[in-house]
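Chemist: Here is a sequence with its predicted model. Questions after.
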Amino acid sequence: MNPKIDLALTQQEIQELSEFSREQVGKYVFVNRSNGKFVLCGDDARFFNHSPTPSCSDPDDNTTVAARDIQKGEELTSDYHIIQTRL
């Protein structure tokens, strides 16, 4: 997580948002495993698609790396089951 571009929210802060905002945030947040906060990425990570065999991995809360060689024009994928949680 980069505090210059990412937004870290507590469950309480999310509940205080308008219904529309909660729905939008709920689509794109992931839980930071080290502090339990919900993180809304500011770096367009929301454009990653899901795959059970992802092209990228997240070895820690601050890093995304290629899990294998990625060809030009190939989509970036992540395993949502690892990073996704319900609000």
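Modeler: Thanks, I have the structure now. Here the structure is a predicted model, which is why all the values come from computation and not from measurement.

Chemist: When you work out contacts or count neighbours from here on, use the C-alpha atoms and nothing else.
Modeler: OK.

Chemist: can I assume residue 34 is in contact with residue 61?
Modeler: Yes - under the criterion of C-alpha atoms under 8 Å, residue 34 is in contact with residue 61, at a separation of 7.4 Å.

Chemist: Show me which parts of the biggest helix by length in the chain are buried, residue by residue.
Modeler: With DSSP state H applied, the helix covering the greatest number of residues in the chain is identified as helix 19-28. Within helix 19-28, the residues that qualify as buried by neighbour count (16 or more other C-alpha atoms under 10 Å) are 25-26, 28.

Chemist: Just the element for the nearest residue to residue 22 once chain neighbours are set aside, please.
Modeler: Spatially, and ignoring its direct neighbours in sequence, residue 22 is nearest to residue 14 (6.2 Å; C-alpha to C-alpha, 6 or more residues apart in numbering). Residue 14 is located in helix 11-15, with elements delineated by DSSP states H and E.

Chemist: residues in contact with that helix?
Modeler: Residues external to helix 11-15 that are found in contact with it (C-alpha atoms under 8 Å, 6 or more residues apart in numbering): 22, 25, 37-38, 87.

Chemist: hmm, try it at 10 Å
Modeler: 8-9, 21-23, 25-26, 36-38, 87 (C-alpha atoms under 10 Å, 6 or more residues apart in numbering).
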